[in-house]
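Participant: Below is the structure, and that's it, no one-letter string:
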């Protein structure tokens, strides 16, 4: 397996550290950058197509799997010209510009939920669900054991609910401010594991130290979780988080009810994701501009209504598709087997 990404992206560091081959290819954004920025993006895409075209001649891939984004465009254009079948997977509920473009070149499209199928009329589409990491799958399979480990790890008592607040690997400044504002009220009602991101960790640790001693242990701020995230999800009774694509897989897998706060600056992706989970009864939504005012009230209302929370838990769990990764892998293998890479190698010069 070869991972294609931009030289300056996070993947350039992460992928080699996990033991995979990383192929750097230039790419650039076009949308919302103005005329000059768009021209620079197009120039970088053109350079990236040439780099990817030449690499395909050496590496001879049998299939290209992509989830979209501007970084995927050069490799996908080169693959289409080289006759390499493309599998496009849409993690969110609504495609961005890159996925819409790449789907036209794809041999097959995979989507997380049936609601996304209408965006790809005329293309072969399979609903796979959202693939979840193996460690999370393991925690979900033995949720009770993971729940006990999590409560022991963070020193949480068994007789109080746990609220998990997270906003991605870098945290979410707005969520952090909301927790800061409502912390005493939250800690009187529940135990809170708060993934702050590195930027706000020190401030929230100081905030914890200033809490009354009788509730201080109920609040645990940490920068970020990786290996322990399964335990956190398993022990939580309620999540407060953004509505990125991973919530469509991880929250249902653990049957975890959520207060969703869609990030407003990524077009409509998170709004669509949140609407899907709310419509199916597993979550409630608070607009980003209201979360600092309403967080305490909404969390308290949910925790004080166990019947409602249990209903949300059942509804969220009903959306789980734990076989998603296997379904996607099967599609990749099917395309690779049905269309072997052409014997003739692409030319090593210009792609067009």
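Facilitator: Arrived safely. As the structure is a prediction and not an experimental result, all values here were calculated from the model. Numbering: from 1, shown residues only.

Participant: drop to CA atoms for contacts and neighbour counts, all remaining ones
Facilitator: Noted.

Participant: Compute the number of surrounding residues for residue 214.
Facilitator: Applying other C-alpha atoms under 10 Å, we find 9 residues neighbouring residue 214.

Participant: Tell me the span between the first and last residue of stretch 82-93.
Facilitator: Counting by C-alpha to C-alpha, to the nearest Å, you get 30 Å between the two ends of stretch 82-93.

Participant: Please apply the same query to stretch 154-167.
Facilitator: Per C-alpha to C-alpha, stretch 154-167 runs 19 Å from first to last residue.

Participant: need the strands for this structure, in chain order.
Facilitator: Secondary structure of the chain (DSSP state E): strands at 2-5, 21-24, 64-66, 86-90, 108-111, 125-127, 162-166, 191-195, 219-222, 238-241, 258-260, 283-285.

Participant: Check which helices and strands the last one sits against.
Facilitator: Contact here means 3 or more C-alpha pairs under 8 Å, 6 or more residues apart in numbering; DSSP states H and E; on that basis strand 283-285 packs against strand 258-260, helix 269-279.

Participant: closest to residue 287 out of those?
Facilitator: Taking C-alpha to C-alpha, strand 258-260 is the member of the helices and strands packed on strand 283-285 nearest to residue 287, at 8.4 Å.

Participant: who's in contact with the closest one?
Facilitator: Outside strand 258-260, the residues that touch it by C-alpha atoms under 8 Å, 6 or more residues apart in numbering are 238-243, 251, 274, 282-286, 299.

Participant: among the strands of the chain, which is the most enclosed?
Facilitator: Counting by mean count of other C-alpha atoms under 10 Å, strand 258-260 has the highest mean neighbour count of these, with a mean of 27.

Participant: now that strand, how far from the centre of its chain.
Facilitator: Centre-to-centre, strand 258-260 and its host chain are 15 Å apart (C-alpha atoms, centre = their mean, to the nearest Å).

Participant: Dead centre of this structure: give me the residue that sits there.
Facilitator: Residue closest to the mean C-alpha point of the chain, counted by C-alpha atoms, centre = their mean, is residue 246 at 3.1 Å.

Participant: Help me confirm that it comes into contact with residue 136.
Facilitator: No. Using C-alpha atoms under 8 Å, residue 246 is not in contact with residue 136, being 11.7 Å away.

Participant: In the helix or strand of the chain with the lowest mean pLDDT, which residues are buried?
Facilitator: Scoring the helices and strands of the chain by mean pLDDT, DSSP states H and E places helix 34-59 at the bottom, with a mean of 74. Neighbour counts over helix 34-59 (16 or more other C-alpha atoms under 10 Å) mark 38, 40-42, 44-57 as buried.

Participant: ok, now stretch 176-184?
Facilitator: Buried residues in stretch 176-184 (16+ other C-alpha under 10 Å): 176-180, 182-184.

Participant: neighbouring contacts of that stretch?
Facilitator: The contact list for stretch 176-184, computed with C-alpha under 8 Å, 6+ apart, reads 196, 200, 204, 207, 211, 291-293, 295-296.

Participant: Could you dump these into JSON lines and include neighbour count?
Facilitator: Converted to JSON lines, the contacts of stretch 176-184 look like this (neighbours: other C-alpha atoms under 10 Å):
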{"residue": "196", "neighbour count": "30"}
{"residue": "200", "neighbour count": "19"}
{"residue": "204", "neighbour count": "22"}
{"residue": "207", "neighbour count": "15"}
{"residue": "211", "neighbour count": "16"}
{"residue": "291", "neighbour count": "21"}
{"residue": "292", "neighbour count": "19"}
{"residue": "293", "neighbour count": "13"}
{"residue": "295", "neighbour count": "21"}
{"residue": "296", "neighbour count": "20"}
